[in-house]
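1. The sequence and its predicted three-dimensional model are supplied below.
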Amino acid sequence: MTHDPVGPLRRPTRVDRLVGRAATVTVEATPEECVALAKDFKIPAIRDLKGTFRVTGTLARLNVVGSVEAVVTQVCTVTLEPFEAPLTSEIDVDFSDGAESFGVGPDSIDVPDPIVNGQIDFGALTAESLALGLDPFPRMPGARFETVTVGDDESAFAVLKKIPANDV
């Protein structure tokens, strides 16, 4: 999780209010926060952003499981037209108050995210999950990329076949 203290979506929550029982935390972004996130992520729009998280564990070690849902507008990499699509990202993150590691061997060690000043920022967790769920090469439904062949050349390197071997 990114621990930048500034961001358009912030919901710091004290951990001591979450432990001892299975707690649920819900984050619903305002329209202004959605606009700011869309600008940060360099996409046309985000709407209906909501994160729902179930928190279990102790003050020293917490597990957060949940999902983030939104409707995002991205630009199709084929047609260059904006289009809306639903996005859902699942989350399963461990948090710790120290440098405690999970796992038994060097290949299975998972360093948990830190609990900072006794808090977890569920807004930042929501925004990060949304960012990680975005398709880096979005394609509008039905958009097809077709290879264009110009002239008789089969590829951009076809001209190299015409060079005599002793000239290379």
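-> Looks like it arrived, so ask away.
2. so which helix or strand takes in G7?
-> Assessed by DSSP states H and E, G7 sits outside every helix and strand.
3. and the helix or strand of the chain with the lowest mean pLDDT, what other elements does it pack with?
-> Across the helices and strands of the chain, mean confidence by mean pLDDT, DSSP states H and E is lowest for strand 113-114: a mean of 86. Here strand 113-114 touches strand 82-96, going by 3 or more C-beta pairs under 8 Å, 6 or more residues apart in numbering; DSSP states H and E. C-beta here means a position set from N, CA and C on the backbone, and glycine is covered the same way.
4. Residues contacting the strand it packs on, please?
-> Residues outside strand 82-96 that contact it (C-beta atoms under 8 Å, 6 or more residues apart in numbering): 1, 15, 44-45, 51, 53, 57, 60-76, 102, 110, 112-115, 120, 125, 129-130, 132-134, 138, 140-141.
5. Low-confidence ranges, this structure, go.
-> Flagging of the chain using pLDDT under 70 yields the residue ranges 1-6, 99-110, 148-156, 158-159, 167-168.
6. Repeat the analysis, applying 50 as the threshold.
-> 1-5, 99 (pLDDT under 50).
7. Do a quick rundown of the helices in it.
-> With DSSP state H, the ranges of helices along the chain come out as 31-41, 122-133.
8. export the ones you listed to a markdown table and tack on mean neighbour count?
-> As requested, those are exported to a markdown table (neighbours: other C-beta atoms under 10 Å):
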| stretch | mean neighbour count |
| --- | --- |
| helix 31-41 | 16 |
| helix 122-133 | 22 |
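9. hang on, the earlier thing: parallel or antiparallel, list what pairs with the least confident helix or strand of the chain.
-> strand 82-96 (parallel) (DSSP bridges).
10. Which positions within the strand it pairs with qualify as buried?
-> F83, L87, S89, I91, V93, D94, F95, S96 (16 or more other C-beta atoms under 10 Å).
11. next one: stretch 15-30
-> For stretch 15-30, by 16+ other C-beta under 10 Å, it's V15, L18, V19, A23, V25, V27, A29.
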